[in-house]
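**Student:** quick one, what's the 3D model for this:
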Amino acid sequence: MSASPSAAAPVTQSERIVLLDSLRGIAILGILLMNISSFAQAPILHLDPMLLNEQGINYYVWLIVFWLLNGTQRALFSMLFGAGVILFVGRQEQKLDGLAAADYFFRRQMWLIAISLFDVFVLLWNGDILLDYACYGMLIFTFRKSSPKFLIIAASVCLVFMIARENRDLYQEKEMIQRGESVAAIDTLKVKLNDKQKAELEDMNTFKKSSTKESRLKNIDETNEIVQGEYAGVYKWRTESYTDTIVQYIYLELWDVLIFMFLGMAFFKLGILTGDAPVRWYALIAIIGLGLGVPLSYFRVQSVIDNQFNSFEILKSVHISFYQIERTLRSLGLFGVIILLYKSGIFGWLFSLMRPTGQMALTNYLAQSLICGFIFNGYGLGLFGKMQRYEVYLVVLAIWVFQVVYSNIWMRLYFYGPCEWVWRSLTYWRPQPFKR
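**Tutor:** Next up, the predicted model:
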């Protein structure tokens, strides 16, 4: 290399893009809004408020989150992550020759995997996404120099793949039900079932039984008992629920994340993500995104309500899954609204508050795992399954206030959040400046 490796360094304060930091702060707080139900309640309650006969404010809180916000914050975070890959590698390539920039980038991603494992197996957050993003980041590295047009096409292809995947899964499960019902209709007094038919009937009956209210209530009681218990039980339940799904998520649902990583890269190159595009673009994104996404999402939610939240009946009645379409539209619409607020100038104070929160995004993400683990798991306050739904979101509000306040104080004193400092020091293999 003609350039010295010592030239490699994290982004300086003067090089930071203010809006991206603010958006990252909004996304990291929004992710807690989505994650809190997994911290606080049995997974089966995420989709069914009627199991515990939730009415009034509890029902409407569920409806707003499930209808309007589901999947949007992860989408915004994915867009920012995609832009971050371009920013990180681009800055290093300006300073270094050869493979040095790639070396620092892949080292950065490998340390992110290590941080992810800490979040899962020490802080016991089974919904961690850092390992996934570390892997996907290494994949999209290949596309960092692609044109915006190519990246938008790539995002569209990923959307098609994800739609195909979710409908394939839908019809596999529908076929399982149909085969089981066909076998159930056989008169076993006249015809003896073979082993295959018995297995098909058992698969359907098992799924049908698991969808009953009695079975789901039993699942809640069992989960509450485990997570309200000792550390060993919480560790086993949370880490096993993570390892049982991580391979499926990384391998089968990567298109879900890549849609927005590619869009984030394209929008960054077009100036859309940095707020440099004309106001009419953001208005168009907001109107089309929410105008189409919200009604489509309503049909999804209504089918769940009409079938009384019974997974067995929902599968039988639904003929097409369009979740990824409406999620993409809603997410882009919400993004458009956020940038319109920024461009208006009226909410400058809000984006200024969010900027330090975004600069400490990794610290805040891990702190959410630490704080919520203490509040809800049995080795802490043990409030898992003991709070009403609306009370859980009051906890979110309290954590938001705490994180915004301490982030703003911290960033006045230090260049980086504590976890950001560790991550950067490990990436460049030398301690970075810390205290201002």
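**Student:** the stretch 1-150 of the chain: helices as residue ranges?
**Tutor:** 18-40, 56-64, 72-95, 100-121, 130-140, 148-184 (DSSP state H, counting those that start in this stretch).
**Student:** angle of the third one against helix 148-184?
**Tutor:** Put simply, helix 72-95 runs at 140 degrees to helix 148-184, going by axes from the mean of the first three to the mean of the last three CA atoms, to 10 degrees.
**Student:** helix 72-95: how far from the chain's middle?
**Tutor:** Centroid separation for helix 72-95 versus its chain: 16 Å, with CA atoms, centre = their mean, to the nearest Å.
**Student:** same thing with the second one?
**Tutor:** In terms of CA atoms, centre = their mean, the gap separating the centre of helix 56-64 from the centre of its chain is 21 Å.
**Student:** what's the spacing between residue 335 and residue 361?
**Tutor:** Residue 335 sits 17 Å away from residue 361, going by CB to CB, to the nearest Å. From N, CA and C alone the C-beta is placed, and that goes for glycine too.
**Student:** again with residue 160
**Tutor:** From residue 160 over to residue 361 (counting by CB to CB), the distance is 31 Å.
**Student:** swap in residue 347?
**Tutor:** 20 Å.
**Student:** one more: residue 267?
**Tutor:** 18 Å.
**Student:** what of residue 153?
**Tutor:** Where residue 361 is concerned, residue 153 sits at a distance of 29 Å (CB to CB).
**Student:** neighbour count: these two, which is higher?
**Tutor:** Under the neighbour definition other CB atoms under 10 Å, residue 153 and residue 361 were set side by side, and residue 361 has more, 23 against 14.
**Student:** I figured that one hits residue 28, correct?
**Tutor:** Yes - with contact defined as CB atoms under 8 Å, residue 361 and residue 28 form a contacting pair (4.7 Å).
**Student:** next one: the closest residue in space to residue 118 that isn't next to it in sequence from residue 414, what distance?
**Tutor:** Counting by CB to CB, 6 or more residues apart in numbering, residue 366 is the residue found nearest to residue 118 once chain neighbours are left out, at 7.8 Å. Separation of residue 366 from residue 414 (CB to CB) stands at 16 Å.
**Student:** which one of these two is surrounded by more residues?
**Tutor:** Using other CB under 10 Å as the criterion, residue 366 and residue 414 rank with residue 366 on top: 22 against 17.
**Student:** ok, that one - contacts?
**Tutor:** 115, 118, 119, 123, 419 (CB atoms under 8 Å, 6 or more residues apart in numbering).
**Student:** and the nearest residue to the fourth one once chain neighbours are set aside, what element?
**Tutor:** Read it as residue 123. Once flanking residues are discounted, residue 123 sits nearest to residue 369: 4.1 Å by CB to CB, 6+ apart. Per DSSP states H and E, residue 369 falls inside helix 361-376.
**Student:** returning to that earlier point: residue 128 is in contact with the residue nearest to residue 123, correct?
**Tutor:** Yes - under the criterion of CB under 8 Å, residue 369 makes contact with residue 128 at 7.4 Å.
**Student:** pLDDT below threshold where in this structure?
**Tutor:** 1-16, 251-252 (pLDDT under 70).
**Student:** centroid-wise, who is the farthest residue in it?
**Tutor:** Computed with CA atoms, centre = their mean, the residue of the chain farthest from its C-alpha average is residue 190, at 52.3 Å.
**Student:** okay, and it sits in which element?
**Tutor:** With DSSP H and E as criterion, residue 190 is part of no helix or strand.
**Student:** distance check, it against residue 239.
**Tutor:** Using CB to CB, we find residue 190 at a distance of 50 Å from residue 239.
**Student:** how about residue 330?
**Tutor:** 32 Å.
**Student:** of the two, who's got more company?
**Tutor:** Taking other CB under 10 Å, residue 330 and residue 239 do not tie; residue 330 has more neighbours (24 against 15).
**Student:** ok, and the closest non-adjacent residue to the more buried one?
**Tutor:** That would be residue 293: by CB to CB, 6+ apart, it lies 3.6 Å from residue 330.
**Student:** roughly how far does that neighbour sit from residue 314?
**Tutor:** 21 Å.
**Student:** if you count what's nearby, which of these two comes out ahead?
**Tutor:** For residue 293 versus residue 314, neighbours defined as other CB under 10 Å are more numerous around residue 293 (22 against 18).
**Student:** now do the contacts for that one.
**Tutor:** 326, 327, 328, 329, 330, 331, 332, 333.
**Student:** quick one, what contacts the closest residue in space to residue 49 that isn't next to it in sequence?
**Tutor:** Distances taken as CB to CB, 6+ apart put residue 62 closest to residue 49, at 4.3 Å, once the chain neighbours are dropped. Residue 62 makes contacts with 49, 54, 389, as judged by CB under 8 Å, 6+ apart.
**Student:** residue 372 versus residue 62, what's the distance?
**Tutor:** Counting by CB to CB - residue 62 and residue 372 are separated by 19 Å.
**Student:** just the strands in the stretch 151-300 of the chain please.
**Tutor:** Remark: strands of the stretch 151-300 of the chain are absent; assignment by DSSP state E, counting those that start in this stretch.
**Student:** what ranges do the helices span in it?
**Tutor:** Under DSSP H, counting those that start in this stretch, the stretch 151-300 of the chain gives helices at 195-210, 213-227, 231-252, 254-270, 279-306.
**Student:** relative to residue 394, which of the ones you listed is closest?
**Tutor:** Closest of those to residue 394 is helix 213-227, at 19.9 Å (criterion: CB to CB).
**Student:** how distant is that closest one from the center of its chain?
**Tutor:** 25 Å.
**Student:** thanks again, I'm all set now.
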